[in-house]
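# Below are the sequence and a predicted model for it; my questions follow.
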Number of protein chains: 2
Amino acid sequence: MTTPDKLLAAAAEMLATEGLTGLSARSVAARAGVNQALVFYHFGSVAELVEAALRRSADLAVATYRNRFDDVTSFTELLTLGRELHATERDRGNVAQMAQVMSGALRDATLARAGRYALTQWTRQIEVVLGRLLAGSPLRGLVEPAGLARAVAASFLGLELYEGVDPEGATSAMAALESLGNLLEMVDGLGPVGTRAVRGQVRKAARTAAKRA
Amino acid sequence: MTTPDKLLAAAAEMLATEGLTGLSARSVAARAGVNQALVFYHFGSVAELVEAALRRSADLAVATYRNRFDDVTSFTELLTLGRELHATERDRGNVAQMAQVMSGALRDATLARAGRYALTQWTRQIEVVLGRLLAGSPLRGLVEPAGLARAVAASFLGLELYEGVDPEGATSAMAALESLGNLLEMVDGLGPVGTRAVRGQVRKAARTAAKRA
DNA sequence: GTCTATACAGAGATAGAC
DNA sequence: GTCTATCTCTGTATAGAC
């Protein structure tokens, strides 16, 4: 394992467990078992090390799930995958890394770039699946796959923050999101008559909402 | 305006604009126009100042919206309020403050306590409304108000992080969430026959999901 | 590429004069 | 309650020996 690799691994680990505030050139080098000056030699700055670490984590994580996403054929399956993903990534800390970097993005342009990149990797993937599922659903045309994918990603990020201060609360939130997913699945299971009714009703609700806004 | 008040105001402002990393005893005192040592005299530590500032912000914000929440009688109205709330709080920075504190909660127990408190203030309020709306809805019993309230809060937090790195993406995510809200409204508008059908279908979807998990 | 040494800025926090 | 002064630690970053 080369020094850059050790530093990247240590940075990713610390980002998830200690957070951005606990991560410094000294602390990350100590965890990697290398000298502090090597952070600057290999990456230029702490922020750039963090950026590289997050990019690598995101690339790796998304690649891991690519096939799984491709196999999804229903909202129920997507939910099952989402639940599994949430549990796995809570342990691996990928989402936590993203949340930390994005909270630091307020001050640091490099971190903002890193967060944007990681987010894009995830949403692209989710968007493809949602686009496929929505295309064959009564909801087609009523909800944008791109927007919904971003909303899903945002929810996962928020759940991660939630989990840090109230784990049980986060669990109940996850359960509620699954209930909503079941609602989507229900709509999906309607016949042609139900479909027409749904589309009409949702359009009406949208119009009412637009009028009030 | 007393010194503690000046410090609380400065801390809240900085939390939203500069983030937790940019907030120090020195920087916050400078913005408040007071001496740095007064942070420790009045609050004991920087973390405790942040905690006090967030608590005050949360109390104030929730009190502002209390009546508005009470007036809500439909999911569509709740969505309209949610959109307005998101826009207003994006400017005031209340949600941003929460997100920052919660991201720092990983390292600091005081910040974790503060984040938990602010979160509770919001979710309690949302839970009441959702409980009321769901009670008279076909979805009654199928989705927990408490869990859904937490999911809504988490989504707002996630959107805040999203907004920091990709404002247009966050807007499209918000739009998608509104589409889902319209779906809820649609279900709400069904008659007794449709209600029975919905409940049966959702239960079936939930069973299928449970089996696969 | 890696290490030691070091410069220097900013952090949290306290003591003591006023 | 407020200010100055100061201690100590930790942060980023660089220079130069090896």
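Received, thanks.
# element containing the residue nearest to the spatial centre of chain A, please.
Central residue of chain A (Cα atoms, centre = their mean): A:Ala153, 4.1 Å from the mean position. Using DSSP states H and E, A:Ala153 falls within helix A:145-165.
# Now do that helix against helix B:145-165: the angle between them, please.
Comparing the axes of helix A:145-165 and helix B:145-165 via axes from the mean of the first three to the mean of the last three Cα atoms, to 10 degrees yields an angle of 110 degrees.
# Show the secondary-structure elements that helix A:145-165 is packed against.
Judged by 3 or more Cβ pairs under 8 Å, 6 or more residues apart in numbering or on different chains; DSSP states H and E, helix A:145-165 is in contact with helix A:75-92, helix A:94-104, helix A:109-135, helix A:167-188, helix B:94-104, helix B:109-135, helix B:145-165, helix B:167-188. Every C-beta, even on glycine, is put in place using the N, C-alpha and C of the backbone.
# what about the fourth one, average pLDDT?
If you average the pLDDT over helix A:167-188, you get 89.
# same thing with the first one?
Confidence over helix A:75-92, taken as the mean pLDDT, stands at 89.
# A:Leu139 contacts B:Leu183, doesn't it?
Yes - applying Cβ atoms under 8 Å, one finds A:Leu139 in contact with B:Leu183, separated by 7.4 Å.
# Report the set of residues contacting both of those two.
Each of A:Leu184, A:Val187, A:Val202 lies in contact with both A:Leu139 and B:Leu183 under the rule Cβ atoms under 8 Å, 6 or more residues apart in numbering or on different chains.
# Just give me the neighbour total for the last one.
Residue neighbour count, defined by other Cβ atoms under 10 Å in any protein chain shown, stands at 25 for A:Val202.
# Show me which positions of whatever helix or strand it lives in end up buried.
Assigned by DSSP H and E, A:Val202 belongs to helix A:192-212. Buried positions in helix A:192-212, judged by neighbour count with 16 or more other Cβ atoms under 10 Å in any protein chain shown: A:Gly194, A:Thr195, A:Val198, A:Arg199, A:Gln201, A:Val202, A:Ala205, A:Ala206, A:Thr208, A:Ala209.
# tell me the contacts of the last one?
What that stands for is A:Ala209. Each residue near A:Ala209 by Cβ under 8 Å, 6+ apart is listed here: B:Thr76, B:Leu79, B:Thr80, B:Glu178, B:Gly181, B:Asn182, B:Glu185.
# roughly how far apart are it and B:Leu184?
In this view, A:Ala209 and B:Leu184 are 11 Å apart by Cβ to Cβ, to the nearest Å.
# quick one: contacts for the residue nearest to A:Arg55 when sequence neighbours are not counted?
Nearest residue to A:Arg55 in three dimensions, chain neighbours excluded: A:Tyr117, at 5.8 Å (Cβ to Cβ, 6 or more residues apart in numbering or on different chains). Neighbour list for A:Tyr117: A:Leu54, A:Arg55, A:Ala58 [criterion: Cβ under 8 Å, 6+ apart].
# Take the residues you listed and lay them out in CSV including neighbour count.
CSV is the format used below for the contacts of A:Tyr117 (neighbours: other Cβ atoms under 10 Å in any protein chain shown):
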residue, neighbour count
A:Leu54, 26
A:Arg55, 16
A:Ala58, 22
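# and A:Val95, how many residues sit next to it?
Counted with other Cβ under 10 Å, the neighbours of A:Val95 add up to 25.
# and the gap between it and B:Val39?
Distance from A:Val95 to B:Val39, by Cβ to Cβ: 33 Å.
# I'd like to know how many residues surround A:Thr73.
A count of nearby residues for A:Thr73, using other Cβ under 10 Å, gives 12.
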